[in-house]
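A.B. asks: Just to be clear, the model below is a prediction. Sequence and coordinates:
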Amino acid sequence: MAAAAQKLYDYQRFEEKKRVEIKELPKKRPQTNRIAVAKIVLFLMFVAVSLSVLIYTKAIQTELNNAYETTKTMVTQAQNENARLQVELEKKLSLTNVEQQARAMDMGEMQQRQINYVRFETENKVVVSQDTGFFQSAVAWIKGLFQ
């Protein structure tokens, strides 16, 4: 019967329970892998440097494109000016304009009566003059003043 009574009643409920001491473990910091952090930092630095280089090259490319366009515009303007001046030159040097200018200056076609032929009876020769130069003449004149 004792076994049956023991089954009927749970004596363990009334017994003093032994207190179990729970030791608190010190909180561990989450272990960060320093190598992984260094890799991430280096990757971010690489990305930042790459973006900086990309921006710098785009700025240089823009400056060069602007200089190219400016030079191209100047060349086009110079070619247009050259074409305009060529047309103006051709207009001024055209045969009709030259003829009109000659008539305005009372010039006409050459006539036979205007031609004079000259014959020399002497042989062709060159005579070197004994004329002194300008400075020698000036020195001689000044010397003549003091004599």
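C.D. replies: Nice, I can see it. Residues are numbered from 1 along each chain as shown.

A.B. asks: which secondary structure element contains residue 68?
C.D. replies: Using DSSP states H and E, residue 68 sits in helix 34-92.

A.B. asks: swap in residue 99?
C.D. replies: helix 95-104.

A.B. asks: Distance from the chain centre to that helix, please.
C.D. replies: Per C-alpha atoms, centre = their mean, to the nearest Å, the displacement of helix 95-104 from the mean C-alpha position of its chain is 50 Å.

A.B. asks: Kindly export that helix (C-alpha atoms) in PDB.
C.D. replies: This file holds the C-alpha atoms of helix 95-104, laid out as PDB (Å, rounded to 0.1, in the frame of the first residue of the first chain):
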ATOM      1  CA  LEU A  95      39.400  91.000-116.100                       C
ATOM      2  CA  THR A  96      36.400  93.300-116.200                       C
ATOM      3  CA  ASN A  97      37.400  95.100-113.000                       C
ATOM      4  CA  VAL A  98      40.900  95.600-114.200                       C
ATOM      5  CA  GLU A  99      39.600  96.900-117.600                       C
ATOM      6  CA  GLN A 100      37.200  99.300-115.800                       C
ATOM      7  CA  GLN A 101      40.000 100.700-113.600                       C
ATOM      8  CA  ALA A 102      42.200 101.200-116.700                       C
ATOM      9  CA  ARG A 103      39.500 103.200-118.400                       C
ATOM     10  CA  ALA A 104      39.000 105.200-115.200                       C
END
